[in-house]
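J.: Structure for this input, please:
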Amino acid sequence: MATYSEQEKKQLHTISIVEIMAHYGKRLDHTRSGLYFSPFRDETNPSFHINEGKNSWYDYGTGEGGSLFDFVCKFAGISRGEVYDWLASFRHMVPESEYKAVIAPILQRPQHSSKIVIDSASHTFTKTKLIEYAASRAVSKEILEKYCEEVIYHVETVPDRQFFAIGFKNNSNGYVLRSSISKKCSCSDITTLDPSGQMTDKTTGDKVLVFEGFMDFLSWMTDVKQLTPGYDCCILNSVTNISKALPWIMQHTNIAAFMDNDQAGKDTLQKIMECAQETADHDICVYDMSRLYEGYNDLNEKLSDDLN
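T.: Predicted coordinates for the structure are as follows:
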């Protein structure tokens, strides 16, 4: 490792996290509040906050965050002792003049609204491509039409172009939208159901099934045919919604959690377990259901594979 003067170190600290993301082809579109799409995973909703003034970051999907040094360690998979060498190499590849001339102007462009506007929604599915897509994800047409809607929508900035998708309603009356080519949502929230499958914000018993994504829930329903008697159901729709879900989930004493087998899923399961331990007014048992689909990324992937 090379030795750097304090002045050289100070210069290397001026390299921004956004600059690194841009050079390596990560998404730069972001909300006005500084939420970017995570450079560490694929996601449909931005959950990676960057404070450009402090050159710091926080990943709401995993609960990690920190300084430029912490970012480089995770991004490049190196130790803290190697960071200055990595930054020096980066600055050699990407001169500051290139950043100012090419990348900075892109970031300074006004962020246009990409609000999704729902034009229509129906429990009757007529689009063959959506039915076929659901079938490829181990979801029957019967379950699809019971819990989802065929949604026609457009993006606010392009009102004359419509799209269609499978829409799964959440507690904010928004939709998680899926098709074979698109993953979007009109607004982000959890979905909570009673044992009959009806949406509710109230709990009906002491048992709950918790799914990370709605495709996991739908394929589970296709497999078991009906909700387990006496069990409420919570679909996170994104691990970033776990903080919204925990107060509702913790009203139950038996929690069966179907989280993904990736790091974000494991971290979310850990948050559920920690919250259960901290709940003092009653004992809570949390069951890690990922053992049912060990070797697969998620429950839906396992059930889809079982069909083939």
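J.: so where do the helices sit in this structure?
T.: For the chain, the helices defined by DSSP state H occupy 6-12, 17-23, 68-76, 83-93, 96-98, 104-107, 128-136, 141-147, 214-224, 242-249, 263-278, 299-307.
J.: now the ones you listed as CSV including mean pLDDT?
T.: As requested, the helices of the chain are arranged in CSV below (pLDDT from 0 to 100):
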stretch, mean pLDDT
helix 6-12, 89
helix 17-23, 86
helix 68-76, 94
helix 83-93, 88
helix 96-98, 58
helix 104-107, 52
helix 128-136, 94
helix 141-147, 95
helix 214-224, 92
helix 242-249, 92
helix 263-278, 92
helix 299-307, 88
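J.: residues in contact with the closest residue to residue 202 other than its chain neighbours?
T.: Excluding the flanking residues, the one nearest residue 202 by C-beta to C-beta, 6 or more residues apart in numbering is residue 194, at 7.7 Å. Using the backbone N, CA and C atoms, a C-beta is placed for each residue, glycine as well. Contacts were defined as C-beta atoms under 8 Å, 6 or more residues apart in numbering; by that measure residue 194 touches 200, 202, 204, 232, 233.
J.: Which residue ranges make up the domains of this structure?
T.: 6-107, 116-307 (automatic domain parsing).
J.: so which of those is the most packed in?
T.: Across the domains of the chain, averaging neighbours per residue (mean count of other C-beta atoms under 10 Å) puts domain 116-307 on top, at a mean of 18.
J.: for that domain, how far is the first residue from the last?
T.: 34 Å (C-alpha to C-alpha, to the nearest Å).
J.: gap between residue 26 and residue 203?
T.: Separation of residue 26 from residue 203 (C-beta to C-beta, to the nearest Å) stands at 40 Å.
J.: cool, residue 79 as well?
T.: In this view, residue 79 and residue 203 are 46 Å apart by C-beta to C-beta.
J.: Next: residue 27.
T.: According to C-beta to C-beta, residue 27 and residue 203 sit 38 Å apart.
J.: Thanks again, I'm all set now.
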